[in-house]
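>>> Predicted structure and sequence below. I'll ask about it afterward.
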Amino acid sequence: MSNFSDHGEHSDSDDDKPLTMKEDLGNVECTAAHDGRVLVNEEYLIHIDQLFTLLFTSSKFFLDFHASRKTTDLIQTP
């Protein structure tokens, strides 16, 4: 039987420390293939929380967007 509370050398205080970058990485190129298709390739000057609401809730924008794409069998979960 394993002991889930045994963290070895990891302490709870490690979780409280913020992650920081030691050096500026500059431009970083992604090497992932990103298989799939581009649905939207636009820039929108809105707050990220507002964008999330537009894209991932049953907002008028979300419903109109999927209606214009003729999306079928779309299931949203809470």
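In hand now; what should we look at?
>>> Please enumerate the helices of this structure.
Under the criterion DSSP state H, the chain contains helices at 12-16, 48-56, 60-68.
>>> Save those helices as TSV, and put in mean neighbour count, mean pLDDT and distance to R37 too.
C-beta coordinates here come from the backbone N, C-alpha and C atoms, glycine included. Listed next are the helices of the chain as TSV, based on neighbours: other CB atoms under 10 Å; pLDDT from 0 to 100; distance: least, CB to CB, whole Å:
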stretch	mean neighbour count	mean pLDDT	distance to R37
helix 12-16	8	58	38
helix 48-56	11	89	16
helix 60-68	12	89	15
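>>> how about the ones you listed in TSV, adding distance to V38?
Listed next are those as TSV, based on distance: least, CB to CB, whole Å:
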stretch	distance to V38
helix 12-16	37
helix 48-56	15
helix 60-68	14
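>>> To D35, which of those helices lies closest?
The closest approach between D35 and any of the helices of the chain, judged by CB to CB, belongs to helix 48-56 at 20.8 Å.
>>> Who are the packing partners of the closest one?
In terms of contact count using 3 or more CB pairs under 8 Å, 6 or more residues apart in numbering; DSSP states H and E, helix 48-56 is assigned the packing partners helix 60-68.
>>> if we can go back for a sec, wait, which of the helices of the chain is closest to A33?
Closest approach to A33 among the helices of the chain (CB to CB): helix 48-56, 23.3 Å.
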